[in-house]
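Asks: What follows is a predicted structure for the sequence shown.
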Amino acid sequence: MNKTIPAVAVLLAALFTLPSYAPNDYILHMAIIISLYAISASALNIMMGYLGLLPLCIAAFMGVGAYTSANLTMRFNVPFPLALLAAALVAGIGALLLAIPSFRTKGIYYIIVTIGFQIIITEVYQNLTDLTGGSIGIRNIPKPSVGPFIFTSKTEVYYLFLVITLAIHAFLFIMLKTHLGRSLQAIRENEPKATVMGVNSYTHKLFAFSLSMSLSAIAGALYAHYMSHVSSDNFTLLNSIDYFLMVTIGGPGTFYGPILGTIVWTFVMEALHAFRGLKELIYGILLVVIMLVMPKGTVSFLTTGRVARLLRRGRAVKAYRPA
């Protein structure tokens, strides 16, 4: 704990001073995108890492948040903060309605239900043109604003999204340390035993799923207002799989895992843009290598001493000189 506090303080100082030493707006853009992806990845981690369930429909609820906030601000002139809260509320209610029947299934059947829901919602987004704009999407979505102040520059948006991202992660950190967080982990490890100990697994699952999807809706709404344009292509099954990969790469069931996984995934995908036709092949190879080297994710790899062992092994091989 004593080592963690200085490290977090240094990280926060680096984040809040990033605009002063970032060489260009592209770096700020990447930081903004990472902050949004980190919210969704951490939201998925509540279900996937702490509860042991995999809902492959998180992109669908990001779309709920994006379209709800966009329509409220554009059609009804609802202030951005209220539209953001409404997006989370609508997604939370929708998630609850989906969770009630889906949690009657288990294992692979639960995953299939969420995949089916994701596919259906994608079709809805493509055909409900009055609200979503169809495949063209919604354009000219207002920039984020608080009162009369409009966040237009990359620096302004960066600070706004950084504060929101930190607030959400601080909330998750505290929540997961409470009895609720421990109950979720107990359900993941042994649901019958947790039930015997007095944990109502069904209501805990309902709450976790609604919270997870509400947070993802906030990320979707922020994305819509930052990019000023969203379409159904932003909220497909492939997007949901991307968030699954972010959590997997970082380390499910760890607080910092989704954040590190998001950073790794984002920069790898950005670097692969230069390879065009070979992008998918190289990405697949890299993913296999990462999973072989870090089967429990980046956080576990960095904190279990495996890095030091690999470095020592490398130095030993380098120092060895055959006769």
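Replies: Cool, the structure landed.

Asks: from the middle of its chain, how far away would the host helix or strand of residue 290 be?
Replies: Take DSSP states H and E as the rule and residue 290 turns out to sit in helix 279-293. Offset of helix 279-293 from its chain centre (Cα atoms, centre = their mean, to the nearest Å): 20 Å.

Asks: and it, which residues are buried?
Replies: Across helix 279-293, burial judged by 16 or more other Cβ atoms under 10 Å covers 283, 290. Heads up, the C-betas are built off the backbone N, CA and C, glycines and all.

Asks: Average pLDDT for the following helix or strand past it, rounded please.
Replies: Next along the chain after helix 279-293, taking DSSP H and E as the criterion, comes helix 298-303. When the per-residue pLDDT values of helix 298-303 are averaged, the result is 73.

Asks: helices or strands up against helix 298-303?
Replies: Applying 3 or more Cβ pairs under 8 Å, 6 or more residues apart in numbering; DSSP states H and E, one finds that helix 298-303 contacts helix 237-250, helix 257-271.

Asks: residues in contact with that helix?
Replies: Outside of helix 298-303, the residues within contact range by Cβ atoms under 8 Å, 6 or more residues apart in numbering are 249, 250, 251, 254, 256, 257, 260, 261, 264, 293, 294, 307.

Asks: Equivalent analysis for stretch 100-110, please.
Replies: Here stretch 100-110 has contacts from 53, 54, 55, 112, 113, 114, 117, 202, 205, 206, 209, using Cβ under 8 Å, 6+ apart.

Asks: buried subset of those residues?
Replies: When the contacts of stretch 100-110 are checked for burial by 16+ other Cβ under 10 Å, the buried set is 53, 54, 55, 113, 114, 117, 205, 206, 209.

Asks: excluding its backbone neighbours, what's nearest the third one?
Replies: The reference is to residue 55. Spatial nearest neighbour of residue 55, chain neighbours left out: residue 114 (4.3 Å); criterion: Cβ to Cβ, 6 or more residues apart in numbering.

Asks: I'd guessed the one you found sits against residue 57; true?
Replies: Yes. Applying Cβ atoms under 8 Å as the test, residue 114 and residue 57 come out as touching, 4.3 Å apart.

Asks: where do the contact lists of those two overlap?
Replies: Common neighbours of residue 114 and residue 57, using Cβ under 8 Å, 6+ apart, are residue 98.

Asks: Just give me the closest of the contacts of helix 298-303 to residue 193.
Replies: Ranked by distance to residue 193 (Cβ to Cβ), those are led by residue 254 at 22.7 Å.

Asks: Identify the residues contacting that closest one.
Replies: Residue 254 sits next to 45, 49, 297, 299, 300 when contact means Cβ under 8 Å, 6+ apart.

Asks: Am I right that it is in a helix?
Replies: No. Assessed with DSSP: H, G, I helix; E, B strand; the rest coil, residue 254 is coil; it does not lie in a helix.

Asks: Going forward, count from 37.
Replies: Right, with 37 as the first residue, what we last looked at is residue 290.

Asks: Give me the distance between it and residue 100.
Replies: 27 Å (Cβ to Cβ, to the nearest Å).

Asks: got the contacts of stretch 136-146 as a markdown table, with distance to residue 127 columns?
Replies: Converted to a markdown table, the contacts of stretch 136-146 look like this (distance: Cβ to Cβ, whole Å):
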| residue | distance to residue 127 |
| --- | --- |
| 89 | 17 |
| 90 | 18 |
| 91 | 13 |
| 148 | 21 |
| 149 | 17 |
| 150 | 14 |
| 153 | 13 |
| 238 | 20 |
| 241 | 17 |
| 242 | 14 |
| 245 | 11 |
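
Asks: quick one: which of those is nearest residue 65?
Replies: Minimum separation from residue 65 among these (Cβ to Cβ) is found for residue 91, which lies at 28.9 Å.

Asks: and the helix ranked longest in the chain with helix 273-286, angle?
Replies: Longest helix of the chain, by residue count under DSSP state H: helix 237-263. Comparing the axes of helix 237-263 and helix 273-286 via axes from the mean of the first three to the mean of the last three Cα atoms, to 10 degrees yields an angle of 110 degrees.

Asks: Could you list the buried residues of helix 237-263?
Replies: 237, 240-263.

Asks: what does stretch 52-69 give?
Replies: Counting neighbours by 16+ other Cβ under 10 Å, one finds that the buried residues in stretch 52-69 are 54, 55, 58, 64, 67, 68, 69.

Asks: same for the helix or strand just after the longest helix of the chain, what does it pack against?
Replies: Beyond helix 237-263 on the C-terminal side, the first helix or strand identified by DSSP H and E is strand 265-266. Applying 3+ Cβ pairs under 8 Å, 6+ apart, one finds that strand 265-266 makes contact with helix 94-111, strand 174-175, helix 237-263.

Asks: Could you spell out the sheet neighbours of strand 265-266, each with its direction?
Replies: The partner list of strand 265-266 in its sheet, established with DSSP bridges, is strand 174-175 (antiparallel).
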